[in-house]
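Chemist: Curious how this folds, go ahead:
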Amino acid sequence: MILSIESSCDDSSIALTRLEDCQLVFHKKISQELDHAKYGGVVPELAARLHAEALPKILEETTPYLQEVKAVAVTTEPGLSVTLVEGLVMAKALCIALDVPLLPINHLHGHIYSLFLEQPAVFPLGVLLVSGGHTQLLHVKAHGNITCLATTMDDSFGESFDKVSKMLGLGYPGGPVVEKMAKQGDAKRFNFTVPLLRTPKLAFSYSGLKNQVRLAIEELGEKRDEQDTCDVCASFQATATAHLLNKLERAFKAHPFECFAVVGGASANLYLRTHLEKLVEKYRMPPLMVAPLVYCSDNAAMIGRCGVEAYKRGEFVGLDDVRVNPKVAF
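Modeler: Below is the predicted model:
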């Protein structure tokens, strides 16, 4: 088996994936959301301390399987440096104790493999990666052969939901609560402008939309009631999604894909999924590929699935040669 560790942000997770058939033998994740909610976002130093407490507790549950571990896969990039180190230190210690090699895994590659848990990977494909830290359009030709066609110029799709939630006083994480409030709102009430609508540039941007939302909230002032909040959420979500769809239409015309997928924590947004399904159908591609909702956010299962492919290709590194790279993308 591959033992995999994920600690790139605020989720402590360990998994065991069978090499023979990619079956997930064990997976557990401990979220830190409640610990960070009172601060309105992730506090890196707190996250690192919580990883130091949670990861050993999860590891204890894998003891019956450790003799079958053939390698340890660990997220080394991108992410928060202080939290990545927690996972890497554990991974190195396990490699020494079990006398097995180390596989450094790019966290974003892991999100792509969340599509293929317990099944063979299918490439090539286009992938929209949307999370709290990234908004990228990728052309994945094969394992490790990835071209980034577009990325955000400022805020990410998921980050913009968090910031809108904070402005409305709805708490952290913002994605689920904004989506929930939007279901009760009027998406046409606030005429927010779709970012970069008239520019052919293939890129994403959410800072301008975030500012439009801020001004709308300020105009509502103290008289803002729950329905106003729902309407703001609905109008924002619709505009944020329309921006993605507009740029994807341009991309589909310039770079026809055999099939298309959406991954990342923000891909759990069902409003986004529904509209992407319609877009993919419009361009007569196979049905939109998605990860199971439980595996959209950061998790060790996707790191382990990516680790299986890395193991087969012998992508091992020496323990003295691996470092964390917090800002690396691909």
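
Chemist: Can you get me a residue count around the residue lying closest to residue 31 once chain neighbours are set aside?
Modeler: Using Cβ to Cβ, 6 or more residues apart in numbering and skipping the chain neighbours, the partner closest in space to residue 31 is residue 11 (5.5 Å). In this view, the C-beta of every residue, glycine as well, is placed from N, C-alpha and C. Number of residues near residue 11 (other Cβ atoms under 10 Å) recorded here: 22.

Chemist: The one 3 residues further on now?
Modeler: Taking other Cβ under 10 Å as the neighbour definition, residue 14 ends up with a count of 31.

Chemist: what does residue 323 give?
Modeler: One way to gauge burial is a neighbour count; for residue 323, by other Cβ under 10 Å, it gives 13.

Chemist: now do residue 50
Modeler: Residue 50 sits with 22 neighbouring residues when counted by other Cβ under 10 Å.

Chemist: going forward, begin numbering at 3 instead of 1
Modeler: Sure thing, new numbering starts at 3, so read that last one as residue 52.

Chemist: Now do the same contact list for it.
Modeler: Residues touching residue 52, when contacts are defined by Cβ atoms under 8 Å, 6 or more residues apart in numbering, comprise 12, 14, 34, 37.

Chemist: Quick check: which element contains the last one?
Modeler: So the one you mean is residue 37. Using DSSP states H and E, the element containing residue 37 is helix 35-39.

Chemist: residues near the residue lying closest to residue 315 once chain neighbours are set aside, how many?
Modeler: Spatial nearest neighbour of residue 315, chain neighbours left out: residue 145 (7.1 Å); criterion: Cβ to Cβ, 6+ apart. Residue crowding around residue 145 was assessed by other Cβ under 10 Å; the count is 17.

Chemist: Confirm for me that residue 145 is in contact with residue 125.
Modeler: Yes - contact criterion Cβ atoms under 8 Å: residue 145 and residue 125 qualify, at 7.2 Å.

Chemist: Please look at residue 50 and residue 87 and confirm they touch.
Modeler: Yes - counting by Cβ under 8 Å, residue 50 sits close enough to residue 87 to count as a contact (7.4 Å).

Chemist: mind checking how far the nearest residue to residue 266 once chain neighbours are set aside is from residue 216?
Modeler: Of all residues not flanking residue 266 in the chain, residue 133 sits nearest, at 3.7 Å (Cβ to Cβ, 6+ apart). With distances taken as Cβ to Cβ, to the nearest Å, residue 133 is found 22 Å from residue 216.

Chemist: now do residue 270
Modeler: Distance from residue 270 to residue 216, counting by Cβ to Cβ: 25 Å.

Chemist: Between the two, point out the one with more neighbours.
Modeler: The residue with more neighbours, out of residue 270 and residue 216 and counting by other Cβ under 10 Å, is residue 270; that gives 22 against 13.
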